[in-house]
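In: coords please:
(2 chains)
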Amino acid sequence: MSGEDLLELKDVAFRYRDREEQAIRQISFSVEEGEVFLIAGASGCGKTTLIRTINGLIPRSYKGELSGEVLLYGENPQDWPLSKISQRVATVLQDPERQILGTKVLNEVAFGLENLGRPRDEIYARVDQALKQLGILHLRERETFNLSGGEKQKVALAGVLAMEPSILLLDEPLASLDPVSAQDTLTAVRELADQGMTVLMVEHRVEDVLGIDPDRVLFMHDGEIRYLGNPEGLIKAVNYHEVKLPAEMIIERAKQNPPPSELEILPGVTLDDGKPESLVRFQGVDFSYEKETEVLHNIELTIDRGDVIAVLGPNGAGKTTFVKHAIGLLEPASGDVFIEGVNTKKASVAEIAGTLGYVFQSPSHMLFAPTVYKELSFGPKNLGHSPEEIEKEVKEALEIVNLEAKEDDPPLSLSFGQQKRVSIASILAMRSRILVMDEPNAGQDYENYMNFMDSILQMPGFESILFVTHDVDLALIYANRVILMADGSIQADGPPRDVLSDLDLLRSCNLIPTSLLTANLERFEKLDRFQRAEALAHV
Amino acid sequence: MPSKRSRAADRHLTWVRGRIRPLTPLKRKPMLVSWRYRDRKSLIQWFDPRAWLIFYGCFLATTLFFWDVRFLAPLMVISLIVLFTSGVTWREIRRAFLFIIGFVFFFAILTFLTGRGGVEVYEQEHLVRKLAAPFTIFGWRPTLKVTVERIFFAGSQFVRVFSIAVMTILIPYTLNPALYGVTFKGLGLPDKIAYAMDLTMRFIPTFGRDFQLTMDAQKARGYELEKIEGGLIAQVRKLGPIIVPVTIHAIISSEDIIDAMDLRAFGVGPRTWLQELHYQTKDKILIGFGVFMLVTAVVILFLGYGDFWVPEALIQSLAK
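Out: Predicted coordinates for the structure are as follows:
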């Protein structure tokens, strides 16, 4: 039945019961068998709502006003129970951690079939087949909690494949994956499509998905379709600030625009003013959680004023463990860490926090106060600052992150991007001079995180910034020093131009050279340092 | 006949293959909550988990019926046999064991010193020795009355709670979490409730990890849990920075979890439980033994035995 429309949407619109505006409107498209269909767009543009109308959660679990028609195999499934839809349309949710329900891989993959009351023999056979299809049969008896991010993603995928659907919906499958795991997942998706599966994938990392030749791309903006067509057309239809396109394409198009203005990085820092340069010093630091496996091995480095450091490495390289040592959340098994000359073994985390502020990956792990003002005063209060000082610090922090108008709003009611800014401001208010960020771009769309990084780097008040990432481009654009970590030790430490030009080293650390890195390397002789694609257009 | 798509995929594959080395094995990170369960060659695991839980229930009830140390002693022997054949190493169990046994011991000593708690089961006390402190505090001289009843009451209390504690501590070390759901299903609970047991076991480590992250994030803002003081309400309020984010996370997660379950047809009809449990003769014997123990206990109680007991001979020898 090749060529027939498997799925068709006719003028679909939806408004959530408790909202005034429609989340999506005028959505019409159809998808053929075996297509890879990419859905892109900024956070909050209605991508997830669209997915929910297709998999039937809307209107069954999420109530509101739905209009238009969704057709599966030409039939309207509005009277079907969810269990019937889910055998045809399988969904992998954004966070595999919450999608995986079984303690063991076997149980997880079998879950849907168990619920359908299938006989045991059939379940075992289909579980094995799904695992084989994704090349993860060896994980069958493993506990799900201890799997790596990429493995979890594949197990979640196997869990829906076992139900033998014909349409696969993937909601940001790459969000938490390092480059190698992301490539691996994409390859698996491509293979499934080649075997006849229809795949609809919501993803911010458009550049990565373009690598597996999607048949069509749907670009959404503010609940509506802005572009629908082949990938080549997308490149012309969207602004290169909104979507991360391959670097050469950006360069080609940016030539018509004026060059971007230079960032004024760490404006508060003036060197040669007599202050000591070194802020943090690691001396022969080893660490292990369990006796057998060493997570950090002989870490030796200093962080100086004016450093913008990207700690780059794949998942499980020890990056977060390294950072936790800097703030004293962990103490070295051997060796020492000094923060402005004070050994972390002799200082409490609270004492260190006055110098070094740590912004965790997800703002929802720290926001708790009834108002933004109270949220921001929490840190300085803990450090024993006086009420007058606190008021001044909070006001300044709010001004820097541009949230003065939100002072009395509950932080939890803000958008994700604003929450992220509140979490940075709460560190700023403590007058921490070193800012440490864990995966600052995780789960955010391209335009959002680039603006965010631009503004953080230009904030006055910090003397050094360190961020942990597995995004090579983020390190390339923003850092003036890259620390490459793998297997718990430092593989390289130096300016991006030196560290990232060693492609063999990058590959040996499980990182993949990006199109932007390649573009920079091609212009290597003309550059004194690496640049973003817009700037390369004018080199 | 290769299509356009599969050629693209081949290209992509070779590209990926050319650049990637196999990932190094993921290092295990410690968790706040981790599985205690392991497959052990042990008496407990020789039985079907349902049979063991039924036996455990009988054991619990039987122990709670008695105050008589003569009846409690054999029960303690059973619990010790189970402990020593459990295959759980001292290293694994040390912390939990010392904590709970320390607790039990502390309370037994406390009852012994104060004489409280026993008054419900005995009326008369027979003095063995009266120990008076050689000093006074504001005119009050601390005196310890050592009586036969207090000694036996503290002893009985210790034996009773010790037996129950030992049997209970062992459960998480020996009952396979992957079998919780099917075990409770097998004990007659409906599918949904039985699966909830599985789900709880699955999400405890996730919850623990969220808790640890929040804890670290707040510590990094100078929050010190150790410094919390004040009355109960003030203390709870000061736990807000931990409780609020953890709760919010749990609520957001539960929405996703419910979606994930709905999307895979949970609750549409009777479900197949992949793992099967079959009672064998040994399991039936174990259940029979448990029930026999319980029935015997009830009969003994009806006959008027099993209440608090002190040896008559001891009291008489004191009276002389």
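In: tell me the domain boundaries of the chain?
Out: Looking at chain A here, since you left the chain open. Following automatic domain parsing, one finds the domains of chain A at A:5-254, A:278-355+A:433-536, A:363-432.
In: actually chain B
Out: When chain B is cut into domains by automatic domain parsing, you get B:46-175+B:305-320, B:177-277.
In: of all those, which lies closest to chain A?
Out: domain B:177-277 (3.2 Å; C-beta to the nearest C-beta). C-beta coordinates here come from the backbone N, C-alpha and C atoms, glycine included.
In: So for that closest one, mean pLDDT?
Out: Mean pLDDT, computed over domain B:177-277, is 86.
In: Kindly report the same for stretch A:396-409.
Out: Mean pLDDT, stretch A:396-409: 87.
In: remind me, longest helix of chain B?
Out: Counting by DSSP state H, the longest helix found in chain B is helix B:191-219.
In: chain center to it, what's the gap?
Out: From the chain centre to the centre of helix B:191-219 is a distance of 17 Å (C-alpha atoms, centre = their mean, to the nearest Å).
In: Next: stretch A:338-349.
Out: 32 Å.
In: How far does that stretch stretch from one end to the other?
Out: From its first residue to its last, stretch A:338-349 covers 13 Å (C-alpha to C-alpha, to the nearest Å).
In: Does anything pack onto the longest helix of chain B? Which helices or strands?
Out: Packing contacts for helix B:191-219, counted by 3 or more C-beta pairs under 8 Å, 6 or more residues apart in numbering or on different chains; DSSP states H and E, involve helix A:349-353, helix B:180-186, helix B:240-262.
In: Would you check how far apart the most centrally placed residue in chain A and A:Ser176 are?
Out: Central residue of chain A (C-alpha atoms, centre = their mean): A:Ala442, 2.3 Å from the mean position. Note on A:Ala442: its distance to A:Ser176, by C-beta to C-beta, to the nearest Å, is 7 Å.
In: got the buried residues for stretch B:89-109?
Out: For stretch B:89-109, the neighbour count (16 or more other C-beta atoms under 10 Å in any protein chain shown) marks B:93, B:96-97, B:100-101, B:104, B:108 as buried.
In: from chain A, which residue is nearest to chain B?
Out: Going by C-beta to the nearest C-beta, chain B is nearest to A:Asn382 of chain A, at 3.2 Å.
In: The longest strand along chain A and chain B in contact?
Out: What stands out as the longest strand in chain A, according to DSSP state E, is strand A:5-16. No - using C-beta under 8 Å from any C-beta of the partner chain, strand A:5-16 never reaches chain B; the gap is at least 13.1 Å.
In: Give me the contacts around that strand.
Out: A:21-33, A:49-50, A:53-54, A:58, A:62-74, A:89, A:166-167, A:198, A:200 (C-beta atoms under 8 Å, 6 or more residues apart in numbering or on different chains).
In: tell me the contacts of the closest residue to B:Leu213 other than its chain neighbours?
Out: In space, and not counting its chain neighbours, B:Leu213 is closest to A:His365: 4.8 Å by C-beta to C-beta, 6 or more residues apart in numbering or on different chains. Listed by C-beta under 8 Å, 6+ apart, the contact set of A:His365 reads B:210, B:213-214, B:217, B:245, B:249.
In: Among those residues, which pair sits farthest apart?
Out: In the contacts of A:His365, two members sit farther apart than any others by C-beta to C-beta. They are B:Ala217 and B:His249, at 11.5 Å.
In: ranges for the strands of chain B?
Out: Secondary structure of chain B (DSSP E): strands at B:127-132, B:143-147.
In: Identify all contacting residues around the shortest one.
Out: What it means is strand B:143-147. B:113, B:115, B:125-133.
In: again, but for stretch B:240-254
Out: With contact meaning C-beta under 8 Å, 6+ apart, stretch B:240-254 is reached by A:98, A:364-368, A:378, A:412, B:203, B:206-207, B:210-211, B:214-215, B:217-218, B:223, B:225.
In: Now the buried members of these.
Out: A:98, A:364-368, A:378, A:412, B:203, B:206-207, B:210-211, B:214-215, B:217-218, B:223.
In: returning to that earlier point: in a strand, the residue nearest to the centre of chain A, correct?
Out: No - going by DSSP: H, G, I helix; E, B strand; the rest coil, the assignment for A:Ala442 is coil, not a strand.
In: Name the nearest residue to it, sequence neighbours excluded.
Out: Distances taken as C-beta to C-beta, 6+ apart put A:Gln361 closest to A:Ala442, at 5.5 Å, once the chain neighbours are dropped.
In: In TSV, list the contacts of strand B:143-147 along with pLDDT, distance to B:Val182 and neighbour count.
Out: As requested, the contacts of strand B:143-147 are exported to TSV (pLDDT from 0 to 100; distance: C-beta to C-beta, whole Å; neighbours: other C-beta atoms under 10 Å in any protein chain shown):
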residue	pLDDT	distance to B:Val182	neighbour count
B:Leu113	80	48	14
B:Gly115	72	49	17
B:Glu125	80	52	17
B:His126	81	54	15
B:Leu127	81	57	12
B:Val128	80	54	15
B:Arg129	81	57	9
B:Lys130	82	59	10
B:Leu131	82	57	10
B:Ala132	81	61	11
B:Ala133	80	59	11
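In: Distance to A:Glu522 added to those residues, as CSV?
Out: Shown next, in CSV, are the contacts of strand B:143-147 (distance: C-beta to C-beta, whole Å):
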residue, distance to A:Glu522
B:Leu113, 83
B:Gly115, 89
B:Glu125, 95
B:His126, 98
B:Leu127, 98
B:Val128, 95
B:Arg129, 95
B:Lys130, 96
B:Leu131, 92
B:Ala132, 95
B:Ala133, 90
